[in-house]
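quick one, what's the 3D model for this:
(2 chains)
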Amino acid sequence: MGKKLHSFLIIFASLIIISTTLILFYFGWDYYSLPLKERFFHPNHDLLKSSGLLGHGLGIVGTILMVFGVTIYIVRKRVKKFQRLGKLKYWLEFHIFLTLLGPIMVLFHTAFRFGGIVSISFWSMVAVVLSGIIGRFIYLQIPRSIEGNELSHDEMNKLNIELKIKLKEKYQLESELISSLDENSINKMDEIKSSAIVKTIFIDVMETRRKISAINKYLHKNNIPRKERKEILKISKSKLLLSRKILLLKTTQKLFGYWHVFHLPFAIIMLVIMVVHVGVAVTFGYKWIF
Amino acid sequence: MNGIKYKILFLFFITQYLFAQISPGDLSNAHKNLEGMSNCTQCHVLGDNVDNKKCLDCHTEVNELIKSNHGFHSSSDVKGKECSECHGEHFGRDFDVIRFDEDKFDHSKTKFELTGKHSETKCEECHKTEFIKIKKLKERKKTFLGLETSCVSCHSDFHQGTLSSDNCVDCHNTEAWRPAPNFLHNNSKFKLVGAHKKVDCEKCHKKEIRNNEEFQKFTGLKFSNCVSCHTDIHKGKFGTNCAECHTNISFKNVKNLKSFDHSKTRFQLIGKHKALTCNECHTKGIRVKLHFENCVDCHSDFHKGELASDEGTTDCKACHDEHGFAPSKFTIEEHNKNNFKLTGGHFAVPCNECHFVDENWKFKFSKTDCETCHDNVHKETLKFGTAVVEDCETCHTTTAWSSVSFEHSKTEFELIGKHADVSCSKCHFKDEKLPHQFVSLTQNCESCHTDNHNGQFEEKYKNNCSDCHSPIEWAIETFDHSTTRFTIDGAHENVNCNECHKEIEIDVNKFVQYKFEDVSCKSCHT
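Have a look, this model is predicted:
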């Protein structure tokens, strides 16, 4: 997949999620904002209620999207037969798209009523989504190959050195400036505590900006052409980002381990209760258009 | 294996818990007793949503209404609908299962159209517990069920059972309870005619307090005759058939006046009153009450109060009756009861001779003496009020004016002898042309008598006729001639007087000469 097509799809998917959310809010806000006891008397109640034509439809479609999104990702990831089918990154993005759009639709299916057993499913879903977002963040902190496979520590150091050489040899950047990229206020030998990871990242981001700014000034001072300058800055940013990832690697790996334990069980709970919910709904005759 | 066993037990436990939580929300307060997993199928039919039949199995009162085609639930708006379309659930305890815009609700769909005052009445004024008879519904905090359409189901029976409570609308409608707009009095046994149409209901249908409540009597009223309601101001004098004289336009509007028996009133029409037309007395109309105690209540007082009593009342009946003012029935006997009794000549005198004075009738006189009517012909010739003449009656009586009886001895001139036989007029009315003479008369003889002696005795005998004469006999029977200058003796004693005293004539006057200048013999004898 070309980079442009990928970007387009990402934007398109994002637009679908945002517009779906906005449209549903716009259309249903008048109803959803009502106190529970008033909703029955709203003219759109029959349409927007959980068992209404739209409300029920949102629940069913949202559920299908979620189940499908989870299933295909698991299958791609776990089933050997499909492990070579497309980049895992894209599958993850598609998984994220479906498991974001699905819960949003389910959210509107609930009509913002969070009671009873199905609320457990809902909140589990929320937990899964949030944990997914956090997981995605942690996931990004772990350096990966182009295929998306995790890099080893050595592979990362090698990559880091390659970047340094590239800056030194290709762009004739001063050694002092290159070594400044390696300087870090955080002790590299200490393992960053999980609880301090956000703080560490924040400090490092500020540090990275300062360093990039210094390089930029230097490049301007030496009248480095724009295209070249841009390339140097990009490599420098990659170098700094890689250094941070290397620094946080142990911690992020540890957190990611925890995340798996968190993300999956909630997904299972959500699924189980959802099955119960669907079962009960069907049992009591709520079959949507069927 | 143990692990699987525990997982199955956990799942079983979880499943139980989960099933208890499958409710999409709390039931409303009305249905809170149906909370819980075991009660789902009380309303829900497995595989087929909520069934009306299940609702109506509990809500039998609604079911009954639908079956009997009564109430809103049997209207076309509701027929064919699911209960759940209007009555939601699982929206929390405080959810209104029944809610609708009470102001916009078309009550005619309940088959009880709100008209008139009902349309202005607030829902809760009718839909309240005290009007509901079904105990089960009565216990509900708020319900629109349980009311009957009969008026008395909401309204208290003002008539307290005296009128049929099934037919309120025969008289009343919803526009106004009172006065009963549908009631037609002419359909009742007592038709309203004439002035009765304008009379306030309460005038006949009196209000009272019965059983500690306001009550108005509409039944059991007597109306066979007018006095059932009206006070007989005649106190039964004219019987009970008021219609003989009165119309129903107004009691004051009297008919059949010509045939009216006035004798039934306190004022009998007698005499001239019979010939009068009603309005000659009832000038202000027959309905204006007349005073009739005194004649002057109608008649003007001819006598202008002259005959009024000291109290100011005038009793005409003493003199007049209904047969005419004239002649008066005031008789002589009546007259004689007064201070002035009619006697003698007064009997024959017509009333007007005395009572018509100066062209006016006069019946009261301050004095009743003779002079009030009669001229005092004696004027200054008599002194009244003396011991001799007190008043006219001293001499006169009413028998005849000319018949005078006077005791002359009261005067200084007693009538003796011939004087006693002389008529009064001989001395007192010597000439008709002259005034009577009483006090002006002297006691001298010449006052009445003529001096036949041609003044022979004037000097010596003036006013002393009695020296020779007496009232007994004018002729001198015994004259003592010796008292004169010539004593009679001898032959003279046999000589008649006239032989010496002869009639002579001097200056045409003839008289007997008694006085002589010369009394010598030769004066007589030759």
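
list the contacts for the residue nearest to residue B:180 when sequence neighbours are not counted?
Of all residues not flanking residue B:180 in the chain, residue B:171 sits nearest, at 3.7 Å (C-beta to C-beta, 6 or more residues apart in numbering or on different chains). Glycine gets a C-beta too; all of them are placed from N, C-alpha and C. By C-beta atoms under 8 Å, 6 or more residues apart in numbering or on different chains, the contact list for residue B:171 reads B:163, B:180-183.

show me the domain layout of the chain.
In the absence of a named chain, chain A is used. A:3-148+A:257-283, A:153-250 (automatic domain parsing).

try chain B instead
Domain assignment for chain B by automatic domain parsing gives B:19-148, B:291-367, B:446-523.

so can I have TSV of the contacts of residue B:171 showing neighbour count?
Output for the contacts of residue B:171, formatted as TSV (neighbours: other C-beta atoms under 10 Å in any protein chain shown):
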residue	neighbour count
B:163	15
B:180	17
B:181	14
B:182	12
B:183	16
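
closest to chain A out of these?
residue B:181 (39.9 Å; C-beta to the nearest C-beta).

how is that closest one assigned, secondary-structure-wise?
Three-state assignment for residue B:181 (DSSP: H, G, I helix; E, B strand; the rest coil): coil.

ok, it - contacts?
Contact analysis of residue B:181 by C-beta under 8 Å, 6+ apart lists B:171-173, B:175.

counting neighbours, which of those residues comes out on top?
Scoring these on neighbours with other C-beta atoms under 10 Å in any protein chain shown, the highest-scoring entry is residue B:172 at 20 neighbours.

lowest average confidence across helices and strands of chain A, where is it?
Counting by mean pLDDT, DSSP states H and E, the weakest-scoring helix or strand in chain A turns out to be helix A:175-182, with a mean of 69.

so who does the residue nearest to residue A:125 when sequence neighbours are not counted touch?
Of all residues not flanking residue A:125 in the chain, residue A:270 sits nearest, at 4.7 Å (C-beta to C-beta, 6+ apart). Residues in contact with residue A:270 (C-beta under 8 Å, 6+ apart) are A:121-122, A:124-125, A:127-128.

how deep is residue A:208 tucked in, by neighbour count?
Neighbour count for residue A:208, taken as other C-beta under 10 Å: 18.

chain B contacts on the stretch 51-200 of chain A?
Contacts of the stretch 51-200 of chain A with chain B, taken as C-beta under 8 Å from any C-beta of the partner chain, map to A:113, A:115-118, A:120.

can you pull out the strands in chain B?
Per DSSP state E, chain B carries strands over the ranges B:207-210, B:213-216, B:356-357, B:360-361, B:503-506, B:509-512.

can I get those in a markdown table including mean pLDDT, mean neighbour count and distance to residue A:26?
What follows is the strands of chain B, written out as a markdown table (pLDDT from 0 to 100; neighbours: other C-beta atoms under 10 Å in any protein chain shown; distance: least, C-beta to C-beta, whole Å):
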| stretch | mean pLDDT | mean neighbour count | distance to residue A:26 |
| --- | --- | --- | --- |
| strand B:207-210 | 90 | 10 | 68 |
| strand B:213-216 | 90 | 14 | 64 |
| strand B:356-357 | 86 | 13 | 126 |
| strand B:360-361 | 86 | 12 | 121 |
| strand B:503-506 | 86 | 10 | 185 |
| strand B:509-512 | 86 | 13 | 180 |
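
what's the closest of these to chain A?
So among the strands of chain B, strand B:213-216 is nearest, using C-beta to the nearest C-beta, at 43.6 Å.

helices or strands up against the closest one?
strand B:207-210 (3 or more C-beta pairs under 8 Å, 6 or more residues apart in numbering or on different chains; DSSP states H and E).

so where's chain A uncertain?
Within chain A, the stretches with pLDDT under 70 are A:144-153, A:156, A:171-174, A:176-178, A:180-191.

any idea how far the lengthiest helix in it is from the middle of the chain?
Ranked by residue count, the top helix of chain A under DSSP state H comes out as helix A:226-283. Chain-centre distance of helix A:226-283: 6 Å, with C-alpha atoms, centre = their mean, to the nearest Å.

repeat for stretch B:378-398
56 Å.

which residues sit against that stretch?
Contacts for stretch B:378-398 (C-beta under 8 Å, 6+ apart): B:342-346, B:369-371, B:374, B:376, B:403-406, B:410-411, B:435-440.

tell me the two of the contacts of residue B:171 that are most distant?
Greatest spatial distance among those (C-beta to C-beta): B:163 and B:181, at 15.7 Å.

helices along the chain, start to end?
Picking chain A for this. For chain A, the helices defined by DSSP H cover A:3-32, A:36-39, A:45-48, A:53-78, A:88-109, A:117-141, A:153-165, A:175-182, A:197-221, A:226-283.

wrong one, chain B
Using DSSP H, helices in chain B cover B:2-20, B:40-43, B:52-58, B:60-67, B:83-86, B:123-126, B:135-138, B:201-204, B:278-281, B:332-336, B:351-355, B:424-428, B:458-461, B:497-500.

ranking these by mean pLDDT, which is last?
Ranked by mean pLDDT, the helices of chain B bottom out at helix B:2-20, which scores a mean of 55.

okay, now the closest residue to chain B within the stretch 101-250 of chain A: neighbour count?
Per C-beta to the nearest C-beta, the residue of the stretch 101-250 of chain A with the smallest distance to chain B is residue A:117, at 3.5 Å. By other C-beta under 10 Å, 19 other residues sit near residue A:117.

isn't it right up against residue A:273?
Yes: contact criterion C-beta atoms under 8 Å: residue A:117 and residue A:273 qualify, at 6.0 Å.

dump the helices of chain A into TSV; add distance to residue B:325 as well.
Listed next are the helices of chain A as TSV, based on distance: least, C-beta to C-beta, whole Å:
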stretch	distance to residue B:325
helix A:3-32	108
helix A:36-39	103
helix A:45-48	107
helix A:53-78	115
helix A:88-109	120
helix A:117-141	122
helix A:153-165	160
helix A:175-182	158
helix A:197-221	140
helix A:226-283	122
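
please work out which of those helices is packed deepest.
helix A:88-109 (a mean of 21; mean count of other C-beta atoms under 10 Å in any protein chain shown).

packing partners of it?
helix A:3-32, helix A:53-78, helix A:117-141.

buried ones in stretch B:508-522, by neighbour count?
Neighbour-count burial for stretch B:508-522, counted by 16 or more other C-beta atoms under 10 Å in any protein chain shown, picks out B:511, B:514-515.

so which of those also contact chain A?
By C-beta under 8 Å from any C-beta, no member of the buried residues of stretch B:508-522 lies near chain A.

between those, which is closest to residue A:78?
Of all these, residue B:511 has the smallest distance to residue A:78: 217.3 Å, by C-beta to C-beta.

quick one: contacts for the closest one?
B:452-454, B:456, B:503-505.

one more time with 7 Å, if that's ok
B:452-454, B:503-504 (C-beta atoms under 7 Å, 6 or more residues apart in numbering or on different chains).

how about the nearest residue to residue B:340, chain neighbours excluded?
Nearest one to residue B:340, counting by C-beta to C-beta, 6+ apart, is residue B:368 at 4.2 Å.

can you list the low-confidence ranges for the stretch 251-400 of chain B?
For the stretch 251-400 of chain B, the ranges with pLDDT under 70 are B:312.

for it, which residue gets nearest to chain A?
Counting by C-beta to the nearest C-beta, the stretch 251-400 of chain B gets nearest chain A through residue B:251, at 67.4 Å.

look up the closest residue to that residue, ignoring the ones flanking it.
residue B:230 (7.3 Å).

ok, residue B:519 next?
residue B:486 (4.6 Å).

number of residues surrounding that neighbour?
Neighbour count of residue B:486, defined by other C-beta under 10 Å: 15.

how about the contacts of residue B:511, which pair is most distant?
Among the contacts of residue B:511, B:452 and B:504 lie farthest apart (C-beta to C-beta), at 12.5 Å.

for residue B:321, give its distance to residue B:200.
49 Å (C-beta to C-beta, to the nearest Å).
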